[in-house]
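Undergrad: Can you look at this prediction? I've put the sequence above it.
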Amino acid sequence: MKKNLLVAVLFILTISVTGFAQLPAVVAKTGKAVFQIETFNEFGGVYTTGTGFFIDKNGTGLSAWHVLENAYFAYIKDFGGKRYRIKKISRINLDADIVEFLLDSIKTDFPFITLAPTIPPKGTNVFTIGNPEDFESVVSTGVVSGFKTDDGIRIIQTSTPISAGSSGGPLLNMAGQAIGVISYSYTNGQNLNFAYSVLERKNMKKDSLTDLMKDVNGKFYLLNIKAKHDPKLTLNSIELLDSITVLNFSFANLSITSGDNAYVYCNTKNKDETYYIQEKDSLTKHYIKSSSLSEIIEDAPKIKLVQAIHFNLIFDTIKSLNTFDLRENMKGSDWSFKDIVIPSKQYLTSEMFTQYNKSQFLATSSKLRREEYSEAKTVIDKLKDSIKNDELLEQLYSIASFSLGMPNEAIESTKKLIELNPMQSNYYSDLYVIYIQIDSTKEALENINKAIQYGEEHADYYFYRAELNYKLENWKESIEDYDKYLSISKNDVASVYMVKGIAKAKINDNGACADLEKAKDLAESDREWEKINKEYRKYCNQK
């Protein structure tokens with residue numbers, strides 16, 4: 001009995017060793033048919049990543065449906081690093097989380113994986129090839145641990161380790177045949193990883209969802225244009241839908257000047273202070289219908305330093321749009337865009353992939369958002385050794401240095417940014433803030449002057465210079481800048497009229513009392529009114 005048991009164990013071990021011994025050769029053959037999937041949202045940002053594999057020489061792909069679900073568009077990156085756009089979802093089995101799709105390619109010699117005709121028994125050696133946690137073409141081994149059935153759908157349990165990014169990859173036997181499509185894991189237990197049997201592919205069908213990506217793709221155009229007067233704002237894309245036109249934006253607060261107090265709002269009610277699209281050919285104006293933003297400044301949530309937000313502006317449908325301007329007359333920075341051309345190609349170029357795949361930069365931004373400034377600066381220091389003259393990297397370094405209370409390093413980094421982009425006004429305003437912090441008023445004034453030179457439409461710059469001139473008792477210059485601020489911002493503020501009135505009083509300007517009276521009228525609390533009235537009595541001889 002013991003002898004028979006020993007023989008059986010040795011037999012099993014022999015099978016196991018033999019199976020895994022041939023694994024390198026099988027991986028070398030099948031690995032070329034496995035690819036990474038990157039899906040993108042309406043803002044052109046990476047939405048999800050996953051894995052898939054070719055099942056025929058024409059490039060038909062198989063993956064998990066949840067990898068592609070809700071994607072605006074998607075690409076695969078094959079074993080050799082070449083990218084292809086997923087052109088069409090051809091069939092789905094929603095119950096088995098399996099999707100079949102076609103690529104935008106005319107190739108007919110893709111490497112592919114054969115589908116196994118049967119489900120192997122428990123204990124069978126298996127392996128996966130996937131892209132877990134941004135690592136590419138990772139091989140994991142295990143066995144078929146068990147089976148379960150859910151509403152008649154066959155599910156394979158495996159001890160093969162599965163991580164995020166491997167969903168949709170093949171579960172393969174030692175002959176290199178796919179027996180399942182990796183779908184999910186239970187995180188509260190060990191070796192509880194599951195794949196849907198490839199035999200469920202026979203139940204795949206066309207579904208209303210199969211046209212989802214196709215419909216979006218046909219009317220979706222990626223733009224990724226930065227605002228001329230504020231590069232923190234990006235017009236990511238436009239959707240020319242049957243009922244509405246949608247413009248999708250991103251805003252990243254990378255401004256030391258704004259600190260944790262940046263905001264974005266959109267007044268859709270007043271045509272004189274809102275967005276509109278103007279067609280270049282006909283000059284027809286299309287005013288905004290709604291947006292995902294707050295209507296007034298007071299309700300707009302604060303955007304912290306290094307934080308990014310997405311938002312959209314919605315207009316009525318525009319039947320034929322080729323070239324247009326996006327204009328606005330709201331308070332604050334000029335967020336207009338001119339001469340926007342609907343591109344002939346809708347999707348990401350290789351340059352855009354480079355832009356969006358700066359995962360190290362994104363990780364650094366996350367550290368800054370978590371206020372892990374020292375760790376972020378260490379990462380950036382290492383990156384700067386290998387990546388030279390990168391504007392985004394230098395911005396993050398400047399923010400990290402400033403946040404760590406290292407003004408000299410922040411100054412040098414911001415000066416480097418000016419070398420890279422000498423006409424970018426907010427770099428000069430950032431220098432102004434840093435110099436103010438260390439009481440270098442001369443340098444602060446020089447840089448806010450430069451900020452106004454290159455960004456004369458920014459109301460806040462005039463406000464900052466007015467404050468500095470007020471502090472330096474340059475009364476006339478302070479008055480001029482406060483007037484300029486009020487004119488551009490269209491924002492009547494009690495405190496501005498109060499200090500403007502005091503400055504006028506200092507030079508015996510007859511308009512001093514009128515400004516102080518205006519300030520009292522604008523006061524938003526009794527306490528503020530009393531403060532202004534005290535100055536009014538002082539300079540206007542009122543008791």
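TA: Happy to help now that I have it.
Undergrad: now the helices: where do they sit in the stretch 351-500 of the chain?
TA: 359-369, 373-386, 391-403, 407-420, 425-437, 441-454, 459-471, 475-489, 494-506 (DSSP state H, counting those that start in this stretch).
Undergrad: can you redo these as CSV with mean pLDDT and mean neighbour count?
TA: C-beta: built from backbone N, CA, C; applies to glycine. As requested, the helices of the stretch 351-500 of the chain are exported to CSV (pLDDT from 0 to 100; neighbours: other C-beta atoms under 10 Å):
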stretch, mean pLDDT, mean neighbour count
helix 359-369, 59, 17
helix 373-386, 81, 16
helix 391-403, 88, 23
helix 407-420, 95, 18
helix 425-437, 95, 24
helix 441-454, 96, 18
helix 459-471, 95, 21
helix 475-489, 94, 19
helix 494-506, 95, 22
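Undergrad: Would you mind saying which of the ones you listed lies nearest Phe127?
TA: Phe127 lies closest, by C-beta to C-beta, to one member of the helices of the stretch 351-500 of the chain: helix 359-369, at 26.5 Å.
Undergrad: Spatially nearest residue to Glu528 (excluding sequence neighbours)?
TA: Residue nearest to Glu528 in three dimensions, not counting chain neighbours: Ala494, with 6.1 Å by C-beta to C-beta, 6 or more residues apart in numbering.
Undergrad: immediately after the lowest-mean-pLDDT helix or strand in the chain, which helix or strand?
TA: In the chain, no helix or strand scores lower on mean pLDDT, DSSP states H and E than helix 2-21, which sits at a mean of 45. As assigned by DSSP states H and E, the chain's next helix or strand after helix 2-21 is helix 23-30.
Undergrad: What helices and strands are in contact with that following helix?
TA: strand 125-130, strand 138-150, strand 170-173 (3 or more C-beta pairs under 8 Å, 6 or more residues apart in numbering; DSSP states H and E).
Undergrad: Please convert the helices of the stretch 351-500 of the chain to TSV, extending it with distance to Thr39.
TA: Formatted as TSV, the helices of the stretch 351-500 of the chain follow (distance: least, C-beta to C-beta, whole Å):
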stretch	distance to Thr39
helix 359-369	16
helix 373-386	27
helix 391-403	23
helix 407-420	32
helix 425-437	33
helix 441-454	39
helix 459-471	38
helix 475-489	41
helix 494-506	48
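Undergrad: out of those, nearest to Phe311?
TA: Nearest to Phe311 among the helices of the stretch 351-500 of the chain is helix 359-369 (18.4 Å), distances taken as C-beta to C-beta.
Undergrad: where's Leu223, which helix or strand?
TA: Secondary structure assignment for Leu223, by DSSP H and E: strand 220-227.
Undergrad: buried stuff in that strand?
TA: By 16 or more other C-beta atoms under 10 Å, the buried positions in strand 220-227 come out as Phe220, Tyr221, Leu222, Leu223, Asn224, Ile225, Ala227.
Undergrad: got the contact list for Ile277?
TA: Taking C-beta atoms under 8 Å, 6 or more residues apart in numbering, we find Ile277 in contact with Thr245, Lys285, His286, Phe315, Ile318, Leu321, Phe324, Asp325, Leu326, Arg327.
Undergrad: residues near the closest residue to the last one other than its chain neighbours, how many?
TA: Nearest non-adjacent residue to Arg327, counting by C-beta to C-beta, 6+ apart: Ser336, 5.0 Å away. Other residues within reach of Ser336, judged by other C-beta atoms under 10 Å, total 16.
Undergrad: Pretty sure Leu326 is one of the things Ser336 touches, is it not?
TA: Yes. With contacts counted by C-beta atoms under 8 Å, Ser336 reaches Leu326, the gap being 6.3 Å.
Undergrad: Okay, domains of this protein per the record?
TA: 2-206, 214-351 (automatic domain parsing).
Undergrad: out of these, deepest packed?
TA: Using mean count of other C-beta atoms under 10 Å, the stretch among the domains of the chain with the largest mean neighbour count is domain 2-206, at a mean of 18.
Undergrad: Low-confidence stretches in the stretch 101-250 of the chain?
TA: Scanning the stretch 101-250 of the chain for pLDDT under 70 picks out 133-134, 189-191, 207-218.
Undergrad: which stretches of it form strands?
TA: 125-130, 138-150, 153-158, 170-173, 178-185, 193-197, 220-227, 230-240, 244-252 (DSSP state E, counting those that start in this stretch).
Undergrad: okay, the angle between the first one and strand 153-158?
TA: Okay, so that is strand 125-130. 100 degrees (axes from the mean of the first three to the mean of the last three C-alpha atoms, to 10 degrees).
Undergrad: Strand 125-130 - contacts with which helices or strands?
TA: Counting by 3+ C-beta pairs under 8 Å, 6+ apart, strand 125-130 packs on helix 2-21, helix 23-30, strand 46-54, strand 138-150, strand 170-173, strand 178-185.
Undergrad: of the contacts of Ile277, closest to Ala512?
TA: Ala512 lies nearest to Arg327 out of the contacts of Ile277, by C-beta to C-beta, at 37.3 Å.
Undergrad: tell me the contacts of Lys57?
TA: Counting by C-beta under 8 Å, 6+ apart, Lys57 touches Thr108, Asp109, Phe110, Phe112.
Undergrad: Throw those residues into CSV and include distance to Phe249, thanks.
TA: Shown next, in CSV, are the contacts of Lys57 (distance: C-beta to C-beta, whole Å):
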residue, distance to Phe249
Thr108, 41
Asp109, 42
Phe110, 37
Phe112, 41
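Undergrad: Pick the one among these closest to Ser258.
TA: Phe110 (49.2 Å).
Undergrad: from memory that closest one sits against Gly59, does it?
TA: Yes. Phe110 lies in contact with Gly59 (C-beta under 8 Å); the separation is 4.4 Å.
Undergrad: For the residue nearest to Arg327, give me phi and psi.
TA: For Ser336, the backbone dihedrals (degrees, to the nearest 10) come out as phi -80, psi 150.
Undergrad: residue contacts, it?
TA: Ala227, Lys228, His229, Asp325, Leu326, Arg327, Glu328.
Undergrad: try it again with 7 Å
TA: Residues near Ser336 by C-beta atoms under 7 Å, 6 or more residues apart in numbering: Leu326, Arg327, Glu328.
Undergrad: cool, and Ile318?
TA: Taking C-beta under 7 Å, 6+ apart, one finds Leu240, Thr245, Ile277, His286 in contact with Ile318.
Undergrad: now with 8 Å?
TA: Ile318 sits in contact with Leu240, Thr245, Ile277, Glu279, His286, where contact means C-beta under 8 Å, 6+ apart.
Undergrad: and what of Asp272?
TA: Applying C-beta under 8 Å, 6+ apart, the residues near Asp272 are Asn329.
Undergrad: hmm, back to that, quick one: which of the helices of the stretch 351-500 of the chain is nearest Asp150?
TA: helix 359-369 (35.3 Å).
Undergrad: From what I see, Ser63 and Thr51 are in contact.
TA: Yes. Counting by C-beta under 8 Å, Ser63 sits close enough to Thr51 to count as a contact (6.9 Å).
Undergrad: Export the helices and strands packed on helix 23-30 as TSV, with columns for distance to Asn389.
TA: Shown next, in TSV, are the helices and strands packed on helix 23-30 (distance: least, C-beta to C-beta, whole Å):
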stretch	distance to Asn389
strand 125-130	36
strand 138-150	33
strand 170-173	42
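Undergrad: How are the strands of the stretch 251-400 of the chain distributed by residue range?
TA: Under DSSP E, counting those that start in this stretch, the stretch 251-400 of the chain gives strands at 276-279, 285-291, 308-316, 323-327, 337-341.
Undergrad: Neighbouring strands - and their directions - for the shortest one?
TA: I take that to be strand 276-279. Strand 276-279 has the following sheet partners, assigned by DSSP bridges: strand 285-291 (antiparallel), strand 323-327 (antiparallel).
Undergrad: export stretch 327-344 as PDB, just CAs?
TA: The C-alpha trace of stretch 327-344 is given here as PDB (Å, rounded to 0.1, in the frame of the first residue of the first chain):
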ATOM      1  CA  ARG A 327     -14.500  82.500 -25.900                       C
ATOM      2  CA  GLU A 328     -15.500  83.700 -22.400                       C
ATOM      3  CA  ASN A 329     -16.000  86.900 -20.500                       C
ATOM      4  CA  MET A 330     -15.800  85.600 -16.900                       C
ATOM      5  CA  LYS A 331     -13.900  87.000 -13.900                       C
ATOM      6  CA  GLY A 332     -10.300  85.700 -13.500                       C
ATOM      7  CA  SER A 333      -7.800  84.400 -16.000                       C
ATOM      8  CA  ASP A 334      -8.500  84.400 -19.700                       C
ATOM      9  CA  TRP A 335      -9.500  80.900 -20.600                       C
ATOM     10  CA  SER A 336     -10.300  81.400 -24.300                       C
ATOM     11  CA  PHE A 337      -9.100  79.100 -27.000                       C
ATOM     12  CA  LYS A 338      -8.600  80.300 -30.600                       C
ATOM     13  CA  ASP A 339      -8.500  78.500 -34.000                       C
ATOM     14  CA  ILE A 340      -9.400  75.100 -32.700                       C
ATOM     15  CA  VAL A 341      -9.400  72.600 -35.600                       C
ATOM     16  CA  ILE A 342     -11.400  69.400 -35.500                       C
ATOM     17  CA  PRO A 343      -8.600  66.900 -36.200                       C
ATOM     18  CA  SER A 344      -8.700  64.400 -39.100                       C
END
